[in-house]
Structures are given as structure tokens and as C-alpha cells.
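>>> Take this sequence and fold it.
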Amino acid sequence: MCSAGVGVDRWQSNKVYNTILNLTQIGSSLHEAVHSCYTNSRAWFCSLVRIRRFCEIVNSILLCRCRSNHFITASRPQCMRLARVQTADGTAFGTYENGRLKTETDEYTVDDSTLLAPVCPATIYCVGRNYAATLDQMDYERPTEPDFFIKPSVSVHPPETPIPYPSFSEELTYAGELAAVVDERCKNVAERDVDDILRGYTILNDLDALDQPGRTARKAFDGSAPLGPWIETDLDPVGIPMKTTINGTERQQSRTDLMFFKPREVVSFLSKRVTLLPNDVISFGSPANPGLIEPGDEIEITYEGIGTLRNTVVDATTHTETK
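The predicted structure follows:
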């Protein structure tokens, strides 16, 4: 079963904490402002006392909650990696660091082969034609707004797990893309507020069966969206270097600041058209793609600040799903 897990619950609690903390600070500012104007009025003085007392009570509650670990911190978690793994106890979700996964109650040693896709999205939104190099390569026109398409949830494929070469295609290619994970149900999100509704960023490989008719048939099939290896919660998505290697040979190299439509702009754009749901994934396109892949090829997609999504392509007739 796919579950957001305790890490997300704590993050949501952390957001509540920040909201209440801001209210407390506003109350304190109001107290000072009114005090400066109406110090000599007994009625206003009584009101001031009540306002100040309210601030003190809320602040005391927050301190108690923090000390009992109901909240992690007063700000967004720094450099936290969230991962899902397969364990002897089932699927576990938590914070990942130095080969260890910590949940609220347990800690696991993580082998690369046990990593699962970090989320199970209801929908994957992918943006195409978002790099000039791609337009030059494919002879596309430059879009005037984000050109997006959808992959189904069954497209998701775990990292470090063989990708079965689709039996219906003879021309399979790849695309190393930065992807965002939505943290809460939202609609009509302003670009300045996008960071508040995202859990973080991960990597997606947009597999494409080029010889199929139409974009949906080319891109929407089982396992066509390898995703992972984890979610990085503290990342500025603009200006990140990336590269893709096939069997150790570099095939893609670029930076996210070369996108026509930057990640926050894309998320805001989509939210004005569809209601985004928790765990939904939004990928932001890929630079020029110089070739096809075959069974036996190892694909490594690296985004600085996140990590490397790694999979090997195998013949579908000999592959057995293990995750």
C-alpha cells in the first residue's frame, strides 16, 4: 500500500506550527502598536493585557508541543531526504540518510535494491518542449505556455529495478527530468506560493516509445516513468546541473535554468487547470535526447542536490517483476 507516512504528517504539523507562530507574532506586534498609542487609557490597557496574555498562552503551547516532538522545527526541514523502501515488515516511509531509513518507530538499513518509488501518484503531469535544444533536435515550434501531457499511475517504476523493454516497440528512448511532488490538495496556486504546497523534488525518466502513433501511445505504458531515488525537501529547482549517462557515456547535460518555463511557473499554471492532489508528480521536461536504448543498457540520471536515478533495461521476455 502506498502511504505518505509519518514524515509527511510531521511536515504538515510543522506548517501548522509556522501558521500559529505567525499569528502569535502578529498579536505581539499589535500589542506594541496599540500600546504606543493608548498607554494612558485604562480600557485600552485592559485590552492590551488580554492580547499579551493570549500571545503568551499560544507561545507556551507551541513550546510544549515542540518539546514533546509533535513538531520537528519552526521552519521547513533542511536537506531532508524522504524515501520509501521494501522491508521485512512491509513498505516503510521515512527520512533517509547514509544508508539508513528512519520512521517514527523503526530504523532500517537500506540496500539500493529495496528502494521503491518515493510516492505512488494518482497522476503524473509531464511538460514537453521546455528546452531550446529539444526544439532544435525535434524541429518543434516554441510553445507559448507549458505543453503538458499525462502518464497514468501504472507508469511509475522503482529505482534500481530493471526496466522491461516494451514488446510493442522497437524505438525506445529516455529523458532525464526534474520532478516535483505535490504535498497537499490545491487549486489556483500563485507562483509565489508554490513552495508551500510541494513536498520536494525527485527525478523522473520519461520513457518514450517513438515508433508508436501519438504522444499518449508513445509515453503512457506500464513502467514508462521510473521515479526516484528519493524526495529532496530543501532544493531551489532553478539552476541545477543535470546529466544522463548510458553505460557510463554522457548523453545529456544541461541546467534547469535553461527551461523556457521554470518549475514554479509550471506548477502554478497546472493548478489553474486541474486540482492537484497529494503525491501527484509534475516533471519539467528534458534537454535534447541523443539516442535510443536497448536491453542491457544502464541509465543513470543525476540532478545535483538530489542524487542519481539508476535503472537497467532488460528483455521483457526474461524479466520477472520483483518489487
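>>> Direction included, what does the helix or strand where residue 83 lies pair up with?
If you go by DSSP states H and E, residue 83 is part of strand 81-87. Each strand paired with strand 81-87, and its direction, by DSSP bridges: strand 90-97 (antiparallel), strand 115-116 (antiparallel), strand 225-232 (antiparallel).
>>> can you give me the strands in the stretch 51-200 of the chain?
81-87, 90-97, 100-102, 107-109, 115-116, 123-128, 147-152, 156-157, 163-165, 172-173, 176-182, 198-205 (DSSP state E, counting those that start in this stretch).
>>> closest to residue 274 out of the ones you listed?
strand 123-128 (7.9 Å; C-beta to C-beta). For the C-beta atoms, the positions are set from N, CA and C on the backbone; glycine is no exception.
>>> Residue 252 and residue 177, how far apart?
10 Å (C-beta to C-beta, to the nearest Å).
>>> Any buried residues in stretch 207-227, and which?
Buried residues in stretch 207-227, counted by 16 or more other C-beta atoms under 10 Å: 207-209, 212, 218-221, 223-227.
>>> repeat for stretch 234-243
Per 16+ other C-beta under 10 Å, stretch 234-243 contains these buried residues: 235, 237, 240, 242, 243.
>>> Find the nearest non-adjacent residue to the last one, please.
To tie it back to what came earlier, the one meant is residue 243. Spatial nearest neighbour of residue 243, chain neighbours left out: residue 253 (4.7 Å); criterion: C-beta to C-beta, 6 or more residues apart in numbering.
>>> ok, that neighbour - how many residues close by?
Residues contacting residue 253 under the criterion other C-beta atoms under 10 Å number 14.
>>> Check for me that it belongs to a strand.
Yes. Using DSSP: H, G, I helix; E, B strand; the rest coil, the assignment for residue 253 is a strand.
>>> wait, it sits on residue 245?
No. The criterion here is C-beta atoms under 8 Å, and residue 253 misses it with residue 245 at 9.5 Å.
>>> so what's in contact with residue 252 and residue 177 at the same time?
286, 301 (C-beta atoms under 8 Å, 6 or more residues apart in numbering).
>>> The two: which has the busier surroundings?
Neighbour count, other C-beta under 10 Å: between residue 252 and residue 177, residue 177 has more, with 26 against 22.
>>> residue contacts, the nearest residue to the more buried one once chain neighbours are set aside?
Nearest non-adjacent residue to residue 177, counting by C-beta to C-beta, 6+ apart: residue 283, 4.2 Å away. The contact partners of residue 283, by C-beta under 8 Å, 6+ apart, come to 124, 125, 126, 127, 177, 178, 179, 180, 204, 206.
>>> from these, which is closest to residue 141?
For the contacts of residue 283, the nearest to residue 141 is residue 127 (15.2 Å; C-beta to C-beta).
>>> Around the closest one, count how many other residues there are.
24.
>>> Surely it touches residue 147?
Yes. The pair residue 127 and residue 147 passes the contact test of C-beta under 8 Å, sitting 6.5 Å apart.
>>> quick one: which of the buried residues of stretch 234-243 sit in helices?
In helices, judged by DSSP state H, none of these are found.
>>> can you tell me the average pLDDT over stretch 126-136?
Mean per-residue pLDDT for stretch 126-136: 82.
>>> which residues sit against that stretch?
138, 140-143, 146-151, 177, 204, 206, 215, 219, 254, 258-261, 266, 282-289.
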